[in-house]
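# return atomic coordinates for the entry below.
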Amino acid sequence: MKKLTLVFIFLILSFSISANEKFTAEQLIEKAKAFVSAKNARQQPNTTIKEIDHFISLLSDNFIDEHVKYNFTYTDKSKLRSDLVGKLKDEVINSNIEINEIMVGANVVFIKMTEIGKVKPAHLDKTIEYSKTNIVSLEFNESGLVKHIRRHHG
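Sure, this is the predicted structure:
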C-alpha cells in the first residue's frame, strides 16, 4: 500500500512539474532572442511606432518591468508606450544589442547582453555614448508573453 501511495504521489508531482514547464529550452531561447531583437528595433535611427508596438505586444497585460538598479518599475503598457514614443524625439546615431549568454529555467530566461550605442537625447545638448553589459531575466506566462522583466543594469 505504501509503495502504491508513493508511486501515486510521484506521478502527481511529475505531472505538476512538467505542466509548469510549458515551453522547451529551445522555445524559450527563441522567445529571448525575439525580445532582444524587438528591444533593439525600438531604439534605432529609423524606429517608428510600429517597432514600439511590436515590442509592447510581447508583454502580457499584467506585466512587471523592473529596473533593479534604479528602483523603478513599469506595470502600465500605455505609460511604457508613451515613454517609448517620447524617445523617438532623441537622435539615435547607432544602437546595437549583442547577446553574450542565455540561461534557461522553468518558463524563465536569463540573458547577459551588451548594449552599445550613441544617442543625443532631445532634452540634452550633448551626445552620449555607452557600452554596458546588462543581465535581464524574462519570465513568461502560459501564453508565452513576458509577464516579468528584471533588468540588472551594468
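
# was I right about R150 contacting S137?
Yes: R150 is in contact with S137 according to C-beta atoms under 8 Å; the separation is 4.5 Å. C-beta: built from backbone N, CA, C; applies to glycine.

# where in this structure is pLDDT low?
Along the chain, the model assigns pLDDT under 70 to residues 1-21.

# what lines up beside the longest strand seen in it in the sheet?
In the chain, taking DSSP state E as the definition, the longest strand is strand 91-105. If you go by DSSP bridges, strand 91-105 pairs up with strand 108-120 (antiparallel).

# what residues does the strand it pairs with touch?
For strand 108-120, contacts defined as C-beta atoms under 8 Å, 6 or more residues apart in numbering pick out 28-29, 31-32, 35-36, 43, 90-104, 126-140.

# beyond it, next helix or strand please.
Toward the C-terminus, strand 108-120 is succeeded by strand 128-140 as the next helix or strand (DSSP states H and E).

# strands paired with that following strand, and their directions?
Strand 128-140 is paired, per DSSP bridges, with strand 108-120 (antiparallel), strand 146-152 (antiparallel).
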